[in-house]
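[1] My questions are about this predicted structure, shown below with the sequence.
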Amino acid sequence: MKHTQRGFTLIELVMVIVILGVLAAVALPKFVDLKTDAATSALSGTAGAISSAAAINYATCAARGVAGTGCTRLNAANAGAALVTGAMTGGVLPTGITITTDGTCASPAVAGDPVAITLTSTAVTPSLTATATVICTG
């Protein structure tokens, strides 16, 4: 008389559960801190968008003149805020991101001078910072 096995033994099932538990304990910390990674990526993306918008704005102003259409004139204090409200689509920074140190394109800055601005994200603790470059238009 032959006996065929029709299922798993209790020991085999317990071993599979133990192995899955160990794998979950090792993998879980990798996924818990995704909020910081997301906030860092959002802040870096915003800084890159501001720098790109500044380069496009400077090229537009150089081609059409500072009084031309599509040119946001950056020749005073708060160049970053002026760029965001004037040249960037939507004119608003993402939620939780602010300009903490704004660049000044006032005298003696001239057209083409780069000015650094600092962005801060309060989405996580401690807050994160990134730097973007704005180009003065004169």
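    All right, it came through fine.
[2] quick one: the strands in the chain?
    Using DSSP state E, the strands of the chain run over 97-101, 114-121, 128-135.
[3] What pLDDT does the model give A132?
    As predicted, A132 sits at a pLDDT of 93.
[4] Could you double-check that it sits in contact with G80?
    Yes. Using CB atoms under 8 Å, A132 makes contact with G80 at a distance of 7.0 Å. C-beta coordinates here come from the backbone N, C-alpha and C atoms, glycine included.
[5] what touches both of the two?
    Both A132 and G80 are contacted by I50, I117, under the criterion CB atoms under 8 Å, 6 or more residues apart in numbering.
[6] Going by neighbour count, list what's buried in stretch 63-77.
    C71, T72, R73, L74, N75 (16 or more other CB atoms under 10 Å).
[7] The third one reaches A111, doesn't it?
    No. Checked against CB under 8 Å, the pair R73 and A111 is beyond contact range at 10.0 Å.
[8] So for those two, which residues contact both of them?
    C61, T137, G138.
[9] Buried ones among those residues?
    C61, T137.
[10] can you list the weak-confidence ranges in this structure?
    1, 5, 89 (pLDDT under 70).
[11] And the helix ranked longest in it, what does it pack against?
    Identified as the longest helix of the chain according to DSSP state H is helix 34-64. With contacts taken as 3 or more CB pairs under 8 Å, 6 or more residues apart in numbering; DSSP states H and E, helix 34-64 sits against helix 79-86, strand 97-101, strand 114-121, strand 128-135.
[12] go with 6 Å
    The contact analysis (3 or more CB pairs under 6 Å, 6 or more residues apart in numbering; DSSP states H and E) places helix 34-64 against strand 114-121, strand 128-135.
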